[in-house]
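Participant: show me how the following folds:
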Amino acid sequence: MAEVSEVLMSVLSTIRVPRPGDRVHKDECALSFSSPESEGGLYVCMNSFLGFGSQYVDRHHTRSGQRAYLHITRTRKAPKEDDNNSGSGDPPKKKPTRLAIGIEGGFNVDQEQFEEEVKVVLFPDRQEVTADDLTTMPDVVRERVSLAMAGLLSADSVSHALQVQQWDGEVRAESRHAVDLKQLDNGVRIPPSGWRCEVCDLQENLWMNLTDGRVFCGRRYFDGSGGNNHALLHFQQTGHPLAVKLGTITPGGADVYSYDEDDMVLDPKLPEHLAHFGIDMMTMEKTERTMTELEIAVNQRVGEWEVIQESGATLQPLSGPGLTGMRNLGNSCYLNSVMQVLFTVPDFQSKAKPGYGLLSGEYSKPAPDPGEGPETSAEPRGDQIGIAPRMFKALVGRGHPEFSINRQQDAQEFLLHFINMVERNCRSGENPSEAFRFLVEEKIVCQQSQKAKYTQRVDYILQLPVPMDQATNTEELQEAERRREEAESSGAPPPAPVRAKIPFKACMAALSEPETLTDSWSSAVQAKTTATKTTRFASFPDHLVIQVKKFTFGQDWVPKKLDVSIDVPDTLDLSGLRGAGQQPGEELLPELAPPPLMTPDVEVKGILGSHGNEEDDSLYSPLLSPVLDDSTVSQLCEMGFPLEACRKAVYNTGNTGIDTAMNWVMAHMDDPGEEPVQLFQTSMSASMFPDTLDLAAPWGWPAAGEELLPELAPPPLMTPDVEVKAPVLDDSTVSQLCEMGFPLEACRKAVYNTGNTGIDTAMNWVMAHMDDPDFSSPLVLPGTSSAPGTTPTEVVSEDHLATIVSMGFSRDQATRALRATSNVLERAVDWIFSHLDDLESMEVSEGGRSAVESEGAREPPPGPKVRDGPGKFELFAFISHMGTSTMCGHYVCHIKKDQQWVIFNDQKVCASEKPPKDLGYLYFYRRVTE
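Facilitator: All right, here's what the predicted structure looks like:
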């Protein structure tokens, strides 16, 4: 033990105690999906707090020199026998009594019972030190190591901090109507039992209005149970806001609902309000399930859905390479489904962490059933250990208002978000998103002049309309609607729904048919007229994604999902939808801007200025009171485009709507900066201007004898006795400016150009230079060769370099990561783990830039890079959604593997017996090679 004590003493300086704000990765390996439950456990570096699986810890030790690691292993506890055990082998579980997560009485979140073993391991000899061993060691060693161990164990892991672990759905606010509620003296007295709805005689789910004492049934649930909405109708007719659910009244309280506030509420005067109608709260007993109990029951039934999940059939579990399940991290089934399909595409099949986790088969092992004893054999359930993509989800969702939280999301929106991330980070190298990229050709024909205009845009998903009027079972749908209306009027349960059957050919016909544009401005006739727009493929991608537009809005603007069945084919030939461009003899619309917009009774003329003369009414002339469609301008601004660009788009398309304005924006995004559209009042009084004007008066500058400051940059900052070439910027001031919302590079410029003199002077610099065209461009130092848009090679934080090098990476690799992320440490760490393959073969030149970077610095070819080929495709995957909205429900995906359809339902991976191809939401096709 003396030898181990000496080793610990020698590495004591590398053992840190976690501080608030430190990121502790103790749930997942940084380079794989190993966890403390995996074979070999997890090794947490006691200096950088990064976790490593048993197959990667030696690599980290070799590269970083770190010797001390906290080894965490967890093994599942055997189930305990209990008096309440049913004998099935399942451990007894407490029934939830609160609509809550992670608190007493609520749903347990990932609360499996584990036995945890923790010890310090010293490399390279793997000497082990337990907490008991520390008691015999010198005080300085015992105290430091014990504090570090306790700190690591008590610190929230990164994945824990990113998830909502505790939620209480029973926290109710006091109703604003309760204190001053007016109750009618109408002589109504409510008996202690025997209640009925005054309209339909229903005897359950009854609510008494606290204003007039009248009793009605509650709302109808989605499955037809519940009530007939008579209590809600009574509120709509009378405006009496509060109602109490009869049967839930006990001395401890009752369910009170506020129709006006549309929520369950608290009524502090409930005993008084009940006594007004003869109800003694202290003698009442509970006879009905509370709303909380009903909601808990619904939440417990979520996993019993049979639609799409093929729950009615006995499915054969599968495992092996490419057949790895993914754990649901809390409403992350949308991410799981999308990533399973993406990593089936060869372009995305890399050696990066998610690809290896899904494709290697290392984590494709059956999950142990906590209810099974060692001698019990049962039918395989299909659940796997799988991978838990915690770090991946945190990285992809960082900074996004939707994907950074634990709510259900739209799989199509996530797919586009992920593709956009890939696009931003692969501009200088291979870009896997090119597999989905294609060009769309839009042809607009002026019906008056028969002249055409062609435009092209990039897209990644083909959105397929659903023409409900083309259903093949119209009579059946009409009969079902008639029965539903009869049931609703009589108060009977609704009949079973009937699904509309839409031919796939009808959907394609709706996609390809010309769209009529009214009030479209034509440059040929210089007036608004009718035009037709036809959309075709200008190129066909290697992999085509089709989204069925099932989600729409009703006439009341309430989102709804179309319950349709579409006979989607296994093979698809879109060759007939390829655009042909300008046809022989076809005339094109002239490239002319629309005329200035006119206001009633006012003639707008050009203004003499720097861009024209009195007769000039061109685009560059300022506009006089243009009547722009504010709604269209607002919609474009909400998409993130600059206000003046949006106003130009609306003006130059003649107020013809959002589609034509959007096309104008996409076609002019790369135009050099132009003057903003100006607004001048046309009703200026002539008295505002003098008859004569003398501009020769000496009011300008410079004054006689006045000297100007030379246009020189400040000298490099100096430290005592050392001349520093790279600027030593005050990180604190830079951080404060960034927190105010200014771009990082602008903040660095401000601190540099004010000589590290503090936040006030830096802030003044920022305010004075906000309108500079290069305000957000990277800081370029005098004498460096860095071009605009690149990061100077000299400016790399030595502290950040040291931190990344301590993780086991070379100095050159750390330098490249910091330059690629504007010297931000957290972004650099994320970047370096997502570019491991590039870094392995990276050779940094003497100038500090790698060969890959130098290649990426070349001017890219004009236009978007797309792959093209025949328009014949075959279906290889589809993602299905269950639920009424993309923001709720559940996603699963089916993927064709070796001519066998496989269902991926989070951790469950099984052979599919009847893949529901007609109920999909996103369909994935691959090109068929001749």
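
Participant: moving C-terminal of the helix or strand bottoming out on mean pLDDT in the chain, what's the next helix or strand?
Facilitator: Sorting the helices and strands of the chain by mean pLDDT, DSSP states H and E puts helix 851-856 at the bottom, at a mean of 38. Downstream of helix 851-856, the first helix or strand assigned by DSSP states H and E is strand 872-882.

Participant: residue closest to the middle of the chain?
Facilitator: residue 403 (2.5 Å; C-alpha atoms, centre = their mean).

Participant: surely that residue and residue 416 touch.
Facilitator: No. Using C-beta atoms under 8 Å, residue 403 makes no contact with residue 416, being 11.1 Å away. (C-beta placed from N, C-alpha, C; glycine too.)

Participant: now the helices for the stretch 151-300 of the chain?
Facilitator: Assigned helices in the stretch 151-300 of the chain, in chain order: 158-161, 230-238, 270-275, 291-300 (criterion: DSSP state H, counting those that start in this stretch).

Participant: by mean pLDDT, show me the worst of those.
Facilitator: Mean pLDDT is lowest for helix 291-300 among those, at a mean of 50.

Participant: gap between the two ends of stretch 812-826?
Facilitator: Counting by C-alpha to C-alpha, to the nearest Å, you get 17 Å between the two ends of stretch 812-826.

Participant: so for the residue nearest to the centre of the chain, what's the nearest residue that isn't a sequence neighbour?
Facilitator: residue 397 (3.7 Å; C-beta to C-beta, 6 or more residues apart in numbering).

Participant: the one you found is in contact with residue 404, isn't it?
Facilitator: Yes. Using C-beta under 8 Å, residue 397 is in contact with residue 404, at 4.0 Å.

Participant: when the two are compared, which one has more neighbours?
Facilitator: residue 397 (20 against 13; other C-beta atoms under 10 Å).

Participant: any idea how far the more buried one is from residue 406?
Facilitator: Using C-beta to C-beta, to the nearest Å, residue 397 is found at 10 Å from residue 406.

Participant: over to residue 537?
Facilitator: Distance from residue 537 to residue 406, by C-beta to C-beta: 38 Å.

Participant: mind checking which of these two has more residues around it?
Facilitator: residue 537 (21 against 16).

Participant: distance of that one relative to residue 243?
Facilitator: For residue 537, the distance to residue 243 - C-beta to C-beta - is 57 Å.

Participant: residue 568 too?
Facilitator: 47 Å.

Participant: quick one: neighbours of residue 314, just the number.
Facilitator: That count, for residue 314 with other C-beta under 10 Å as the rule, works out to 8.

Participant: residue 361 now?
Facilitator: 14.

Participant: which SS state does it fall under?
Facilitator: coil (DSSP: H, G, I helix; E, B strand; the rest coil).

Participant: residue 335 belongs to a helix?
Facilitator: Yes. The assignment for residue 335 is a helix, going by three-state DSSP.

Participant: show me the contacts for it.
Facilitator: 389, 393, 396, 409, 414 (C-beta atoms under 8 Å, 6 or more residues apart in numbering).

Participant: among those, pick out the one closest to residue 259, please.
Facilitator: residue 409 (30.5 Å; C-beta to C-beta).

Participant: give me the pLDDT for that closest one.
Facilitator: On the pLDDT scale, residue 409 gets 86.

Participant: that one reaches residue 403, doesn't it?
Facilitator: Yes. Using C-beta under 8 Å, residue 409 is in contact with residue 403, at 6.2 Å.

Participant: and the residue nearest to residue 403, what does it touch?
Facilitator: Applying C-beta under 8 Å, 6+ apart, the residues near residue 397 are 403-405.

Participant: tabulate the residues you listed (JSON lines), appending distance to residue 207, secondary structure and pLDDT.
Facilitator: Output for the contacts of residue 397, formatted as JSON lines (distance: C-beta to C-beta, whole Å; DSSP: H, G, I helix; E, B strand; the rest coil; pLDDT from 0 to 100):
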{"residue": "403", "distance to residue 207": "39", "secondary structure": "coil", "pLDDT": "82"}
{"residue": "404", "distance to residue 207": "39", "secondary structure": "coil", "pLDDT": "79"}
{"residue": "405", "distance to residue 207": "34", "secondary structure": "coil", "pLDDT": "78"}
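
Participant: name the nearest of those relative to residue 735.
Facilitator: So of the contacts of residue 397, ranked by how close each gets to residue 735 (C-beta to C-beta), first place is residue 404, at 21.0 Å.

Participant: that closest one touches residue 414, doesn't it?
Facilitator: No. At 11.9 Å, residue 404 and residue 414 do not qualify as touching, with contact defined as C-beta under 8 Å.

Participant: quick check: neighbours shared by the two?
Facilitator: Counting by C-beta under 8 Å, 6+ apart, nothing touches both residue 404 and residue 414.

Participant: and which of the contacts of residue 397 is nearest residue 268?
Facilitator: residue 405 (33.2 Å).

Participant: pull up the gap between the closest one and residue 331, please.
Facilitator: Applying C-beta to C-beta to residue 405 and residue 331 gives a distance of 9 Å.

Participant: between the two, who's got more neighbours?
Facilitator: Comparing residue 405 with residue 331 by other C-beta under 10 Å, the one with more neighbours is residue 331, at 18 against 14.

Participant: the more buried one: what secondary structure?
Facilitator: coil.
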